[in-house]
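Visitor: sequence and computational prediction follow.
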Amino acid sequence: MNEELLRAVAARRPVAWLRGERPLDRPLDARLIEEAAERLDRCAPWIAARFPETAAAGGLIESPIQEAPALQRLLNQQLGGELRGRLFLKRDDSLPISGSIKARGGIHEVLQLACSIAEELSPGAPLKEVFDSPEFRARAARIKVAVGSTGNLGLSIGTIGPTLGFPTRVHMSVDAKQWKKELLRRRGSTVIEHEGLFSEAIAAARAETSREANAYFVDDEYSFGLLAGYAVAAHRLRAQLEAANIAVDASHPLHVYLPCGVGGGPGGVTFGLKHVFGDHVRCHFVEPVDSPCMLIGVATGLGRGASCYDLGLSGHTLADGLAVQRPSQLIVDHVSPMVGSFHTVTDEALLAAVSWLRESEGVFVEPSATAGLTAAWRVDSPPSATHLVWLTGGSLVPASEREQLLRGARKAAEALKAAAGAPATAFDAFPLEGA
């Protein structure tokens, strides 16, 4: 256990734990990724028909990559150092249907449930026909789907569930935004609001489904269905990089920076990336200083047995999607050895980054999506490296909410620029030998 690291975390100081990867004692089966990809392909015609925003892509739920040279220049100046390599954005903030990375895992898991029913009713039949049949709808109406969420996973489950005919209940923590709750209700889900944090919301959803015979719980803390859906992104990213003539090999490493809450999204993406690119990709998890549950769970060796509360941290953050107190044990056990480094950032830096991104590239995202923006400047890399910041959500934020958020973001950016020592750049580094 790295006590010096944990003291810095407890003091809410931004840290960079440059731990390096570890031997993988409990490898995951790569067939999970292949099966998920095939499942999504089979469901694509139905998705295209039900969600017109996906029709042009044939029902594919995918986002583009975007080079960000203006952002790179701005952050070189803001952070006081030159990033070696090229900076790109993975635009999961613009994913269709639910506007966040959670559209990958959440929609896949519910489709997995739907496919199992379809195979019982009409083995081998086109899913587009089966999903809209009276027989399927009658079966779906008897299965209650439940999930606990800080917001974005709830939006994904709470959109796809009712569209397939599943009565869907979304238990939302106190950090969840009101507009997300209202959108879920308009899309046909029942929203249960909790006064506590994420751990309470997911525990309530788990308890509810355990009491009912025909209930299905989407477990954000331990789900191979979610994990596989996120992992499919890696195959598609490889094709996007190849199309852009971006090499990924020993001489051209790919660094990927992933916002981390409970860990399912970044964990699934990391699993997929390591399967596709092997040692040529390095994955980095980034969390808020007040809720770094994954870092704590890995650093202490306690996994889900450790909590932010153990270090006196509140677990509250303006990055609602990252406001989690305990990490996914699934990710701690099976994926964390693949993670090259763990980072924390302040809420002030998260908010300022909303402004930096809007000002430089014209891209609007939620604060949680910006977590990885500054981490690239903490990692050593050759000039031939590609740095990919995974933007996780933002396209569904209402216009009124955007304007309010941007006003606060501009103020935060101005404060960081004016402050001596540039707080956004300050962090404590804990290298490999301190792990």
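Guide: Cool, the structure landed. Numbers count the residues shown, from 1 in each chain.
Visitor: burial count for Ile33?
Guide: For Ile33, the neighbour count with other Cβ atoms under 10 Å is 24. For the C-beta atoms, the positions are set from N, CA and C on the backbone; glycine is no exception.
Visitor: nope, Arg12 is what I was after
Guide: Arg12 has 18 nearby residues by other Cβ under 10 Å.
Visitor: quick one: residues contacting it.
Guide: By Cβ atoms under 8 Å, 6 or more residues apart in numbering, the residues touching Arg12 are Val289, Asp290, Leu313, Thr346.
Visitor: could you pull out the helices for the stretch 251-400 of the chain?
Guide: 264-277, 293-300, 329-334, 347-361, 399-418 (DSSP state H, counting those that start in this stretch).
Visitor: could you check the angle helix 399-418 makes with the fourth one?
Guide: Just to be clear, that refers to helix 347-361. For helix 347-361 against helix 399-418, the angle by axes from the mean of the first three to the mean of the last three Cα atoms, to 10 degrees is 100 degrees.
Visitor: domain boundaries for this structure, per the record?
Guide: Under the assignment automatic domain parsing, the domains of the chain span 3-33+38-98+231-434, 102-226.
Visitor: what about the longest one, average pLDDT?
Guide: Read that as domain 3-33+38-98+231-434. Domain 3-33+38-98+231-434 comes out with an average pLDDT of 94.
Visitor: of the contacts of Arg12, which belong to strands?
Guide: Among the contacts of Arg12, no member is found in strands (DSSP state E).
Visitor: which one of the residues you listed is nearest Ala243?
Guide: For the contacts of Arg12, the closest approach to Ala243 (Cβ to Cβ) belongs to Thr346, at 36.4 Å.
Visitor: give me the nearest residue to the closest one, chain neighbours excluded.
Guide: Val289 (5.4 Å; Cβ to Cβ, 6 or more residues apart in numbering).
Visitor: quick one: contacts for the one you found?
Guide: Val289 touches Val9, Arg12, Arg13, Pro14, Leu313, Thr344, Val345, Thr346, Asp347, counting by Cβ under 8 Å, 6+ apart.
Visitor: quick one: contacts for the third one?
Guide: By Cβ under 8 Å, 6+ apart, the residues touching Arg13 are Val289, Ala426, Phe427, Asp428.
Visitor: about what we covered before: in CSV: the contacts of Arg12, plus distance to Ala247.
Guide: What follows is the contacts of Arg12, written out as CSV (distance: Cβ to Cβ, whole Å):
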residue, distance to Ala247
Val289, 35
Asp290, 39
Leu313, 41
Thr346, 35
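Visitor: out of those, give me the two with the largest separation.
Guide: Leu313 and Thr346 (12.7 Å).
Visitor: how close does Ala413 sit to Leu357?
Guide: Look at Ala413 and Leu357: by Cβ to Cβ, to the nearest Å, they are 10 Å apart.
Visitor: which one of the two has more residues nearby?
Guide: Higher neighbour count among Ala413 and Leu357: Leu357, with 27 against 23, using other Cβ under 10 Å.
Visitor: would you confirm that the more buried one contacts Thr374?
Guide: No - the pair Leu357 / Thr374 is not scored as a contact, 11.3 Å apart, by Cβ atoms under 8 Å.
Visitor: show me what the host helix or strand of Ile202 is packed up against.
Guide: If you go by DSSP states H and E, Ile202 is part of helix 198-210. Using 3 or more Cβ pairs under 8 Å, 6 or more residues apart in numbering; DSSP states H and E, the elements in contact with helix 198-210 are strand 144-149, strand 168-172, strand 215-218.
Visitor: out of those strands, which gets nearest to Leu24?
Guide: Of all these, strand 215-218 comes closest under Cβ to Cβ, at 26.2 Å.
Visitor: helices along the stretch 101-250 of the chain, start to end?
Guide: According to DSSP H, counting those that start in this stretch, the helices that the stretch 101-250 of the chain contains are 102-121, 127-131, 134-140, 152-164, 178-186, 198-210, 224-231, 233-243.
Visitor: if we ignore the residues flanking it in sequence, what's nearest the most centrally placed residue in the chain?
Guide: For the chain, the residue nearest the mean C-alpha position is Gly265 (3.9 Å; Cα atoms, centre = their mean). Residue nearest to Gly265 in three dimensions, not counting chain neighbours: Ile101, with 4.8 Å by Cβ to Cβ, 6+ apart.
Visitor: I am finished for the moment; much appreciated.
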